[in-house]
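Engineer: Quick one: sequence plus predicted model below, questions after.
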Amino acid sequence: MLQRTFHLYQRAYQGLSPSVWLLAGVMLINRCGTMVLPYMTLYLTQKLHYSITNAGIVMAIYGLGAFVGTFLGGRLTDRIGFYYVQLVSLLFSGAALLTLQFITSFPLLCGSVFVFTLFGDAFRPANQTAIAYYSETENRTRAFSLNRLAINLGWSVGGGLGGLLASINYNLLFWADGLTCLTAGLVLWFYLPVPKAPDHNSSLVPIQLNQPNSVSDNLPNQLPLELPELASTTPYRDTLFIALVLCNTLYMLAFMQFFTMAPLYFKEKLDVPEQAIGLLLALNGLLIVFIEMALVYKLESQKRQKVPLITAGVLLEAVAYSVLAMPGLVSLAVPGMSIALSFILIVTFSEMLVMPFLQSLIVERSKSATRGQYLAVYAMGGALAQTASPALGSQLVAHFGYSIHWLVVVGISLASAGGFWLLGKRWQRSEQQALLVDP
């Protein structure tokens with residue numbers, strides 16, 4: 001049993017190109033320094049003595065910058081390539097972070113936060129395009145999972161270290177975040193080979209689905225598996241893709257309640273102490289680090305279709321939030337810590353089923369000429385949900401209480417799952433029609 005588990009994990013990490021590992025390393029360095037965002041509200045209120053209202057305005061501008069940044073990042077990725085967009089994003093956002101700590105004027109602070117997040121979030125679509133570029137069809141989902149592993153591991157390190165630095169001096173957060181951005185940019189600059197410009201026209205030729213793709217670091221995978229009937233030349237005219245983004249936005253709108261309202265609920269209603277809440281949040285990242293790659297490999301080896309897996313993951317999210325709604329609806333003789341732990345376990349497995357498979361699905365849907373725009377629109381949906389989620393959660397709790405709030409979140413999750421289920425049927429018909437077209 002132990003030997004089989006070891007071999008499973010060994011196979012899960014095999015077959016990925018050196019550039020995919022390098023991109024994961026760049027992401028790990030970058031995320032280890034992600035300290036400004038989690039402590040931004042505390043910095044604004046405790047260090048700069050701004051009101052909660054002004055802090056909320058700054059965070060809203062942060063969301064706006066993320067939205068615009070992902071859009072521009074996608075467009076620029078398709079125009080100048082993912083390599084230079086990633087490099088400029090890391091270097092300029094690092095410089096912006098180092099400068100941000102010296103700005104105290106509210107208007108300048110708002111403008112600086114917008115510029116920082118614009119450069120920082122332009123990295124998302126470029127990085128995802130790079131992962132798709134350096135991976136093969138059969139291991140692309142695992143490549144995205146490896147990147148998520150780096151993100152979660154980096155968040156765990158950065159979050160813990162950020163608390164220590166904030167207790168000493170908030171300015172140290174900006175130094176750590178800015179310098180890790182610059183370091184990640186330099187690692188990418190010196191070690192990731194500059195890719196050759198792809199021939200976008202050649203990518204429109206249909207090929208057989210079972211044809212293997214070859215990958216090298218000097219001439220990365222051009223993702224030839226692109227059937228012209230499966231996607232429009234622009235994501236904005238691809239109705240199936242737009243519907244997919246809308247379903248994912250609903251999923252993320254509910255999922256982000258995990259980071260915004262769930263910790264407060266744990267403290268106020270379940271009587272979970274702050275230290276235990278921190279451990280629960282860390283458990284989410286650790287489970288992803290230790291389980292997701294093996295889980296994705298196992299499911300892919302069973303030739304499972306992606307959309308049903310995504311739908312199942314969204315349904316798990318509805319179950320997770322139903323667990324939080326239960327104490328306010330029925331009398332339960334269950335410790336609050338047990339309820340919180342059950343929620344963390346279920347919502348983490350939801351995340352592991354949805355996010356890597358969804359990213360891989362979007363790459364398969366797009367063409368190389370517009371892949372950056374496809375991934376940007378996908379990221380923009382997530383940025384919109386990230387911005388709207390705190391406002392939705394706080395208003396629902398303030399006016400109706402936690403129980404109604406969790407039931408609304410369950411309803412949003414079920415709506416998302418229903419949308420993915422319907423899309424799965426249309427997606428399958430679209431692929432079948434495309435395969436009937438003669439090459």
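Structural biologist: Received it, and whenever you're ready, just let me know what you need. All of these numbers come straight from a predicted model, not from anything done at the bench. Numbers count the residues shown, from 1 in each chain.
Engineer: Please, where are all the strands along the stretch 251-400 of the chain?
Structural biologist: Counting by DSSP state E, counting those that start in this stretch, one finds no strands in the stretch 251-400 of the chain.
Engineer: where does it dip in pLDDT?
Structural biologist: Counting by pLDDT under 70, not a single residue of the stretch 251-400 of the chain qualifies.
Engineer: residue contacts, L97?
Structural biologist: Neighbouring residues of L97 by Cβ atoms under 8 Å, 6 or more residues apart in numbering: 36, 116, 174, 177-178, 181. Using the backbone N, CA and C atoms, a C-beta is placed for each residue, glycine as well.
Engineer: Now the residue nearest to N171 when sequence neighbours are not counted: phi and psi?
Structural biologist: With sequence-adjacent residues excluded and distances taken as Cβ to Cβ, 6 or more residues apart in numbering, N171 is closest to Q101, at 4.8 Å. Backbone torsions of Q101, given as degrees, to the nearest 10, read phi -70, psi -20.
Engineer: Tell me which residues touch Q101, please.
Structural biologist: Neighbouring residues of Q101 by Cβ under 8 Å, 6+ apart: 170-171, 174-175.
Engineer: Narrow the residues you listed to those in helices?
Structural biologist: Here DSSP state H is the test, and the contacts of Q101 give 171, 174-175 as lying in helices.
Engineer: Just the buried subset of those, written out for ChimeraX, thanks.
Structural biologist: Of these, the buried ones go into a single ChimeraX selection, burial set by 16 or more other Cβ atoms under 10 Å:
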select :174,175
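Engineer: now the ones in helices among the contacts of Q101 in a markdown table, with distance to L358?
Structural biologist: Putting those into a markdown table (distance: Cβ to Cβ, whole Å) gives the following:
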| residue | distance to L358 |
| --- | --- |
| N171 | 38 |
| F174 | 33 |
| W175 | 35 |
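Engineer: any idea which of the ones in helices among the contacts of Q101 is the one closest to I29?
Structural biologist: Nearest to I29 among those, counting by Cβ to Cβ, is W175 at 15.0 Å.
Engineer: count of neighbours near the residue nearest to the closest one when sequence neighbours are not counted?
Structural biologist: If the residues on either side of it in the chain are set aside, W175 comes closest to L98, at 6.9 Å by Cβ to Cβ, 6+ apart. Using other Cβ atoms under 10 Å, L98 has 16 neighbouring residues.
Engineer: Could you pull up the residues touching the residue lying closest to L316 once chain neighbours are set aside?
Structural biologist: What sits nearest to L316 in space, not counting adjacent residues and going by Cβ to Cβ, 6+ apart, is S350, at 3.8 Å. Residues near S350 by Cβ under 8 Å, 6+ apart: 255, 313-314, 316-317, 320.
Engineer: Go again with 7 Å.
Structural biologist: By Cβ atoms under 7 Å, 6 or more residues apart in numbering, S350 lies in contact with 313-314, 316-317, 320.
Engineer: okay, now the domains of the chain?
Structural biologist: Domain ranges of the chain: 14-194, 235-433, per the TED database.
Engineer: Redo the ones you listed as JSON lines? Include distance to L8.
Structural biologist: Formatted as JSON lines, the domains of the chain follow (distance: least, Cβ to Cβ, whole Å):
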{"stretch": "domain 14-194", "distance to L8": "11"}
{"stretch": "domain 235-433", "distance to L8": "5"}
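Engineer: out of those domains, nearest to T5?
Structural biologist: T5 lies closest to domain 235-433 among these, at 8.2 Å (Cβ to Cβ).
Engineer: For the closest one, what is the distance to the chain centroid?
Structural biologist: 11 Å (Cα atoms, centre = their mean, to the nearest Å).
Engineer: quick one: which of the contacts of L97 sit in helices?
Structural biologist: When DSSP H is applied, the contacts of L97 are split such that 36, 116, 174, 177-178, 181 fall in helices.
Engineer: Relative to L72, which of those residues is nearest.
Structural biologist: Distances from L72 to the ones in helices among the contacts of L97, taken by Cβ to Cβ, are shortest for F116, at 13.9 Å.
Engineer: remind me, longest helix of the chain?
Structural biologist: Across the chain, the longest stretch assigned as helix under DSSP H is helix 402-435.
Engineer: Tell me the buried residues in that helix?
Structural biologist: 402-403, 405-410, 412-417, 419-421, 423-424, 427, 430.
Engineer: cool, and stretch 161-173?
Structural biologist: Neighbour-count burial for stretch 161-173 flags 161-162, 165-166, 170, 172-173 (criterion: 16+ other Cβ under 10 Å).
Engineer: Pull the most distant pair out of the residues you listed.
Structural biologist: Using Cβ to Cβ, the pair of the buried residues of stretch 161-173 lying farthest apart is L161 and Y170, separated by 13.6 Å.
Engineer: Look up phi and psi at the nearest residue to M337 once chain neighbours are set aside.
Structural biologist: In this structure, M337 finds its nearest non-sequential neighbour in V272, 5.7 Å apart by Cβ to Cβ, 6+ apart. When quoted as degrees, to the nearest 10, the phi and psi of V272 stand at phi -90, psi 120.
Engineer: List the contacts of V272.
Structural biologist: Counting by Cβ under 7 Å, 6+ apart, V272 touches 266, 336-337, 340.
Engineer: Please apply the same query to Q86.
Structural biologist: By Cβ under 7 Å, 6+ apart, the contact list for Q86 reads 123, 126-127, 130, 188.
Engineer: cool, M256 as well?
Structural biologist: By Cβ under 7 Å, 6+ apart, the neighbours of M256 are 385-386, 389.
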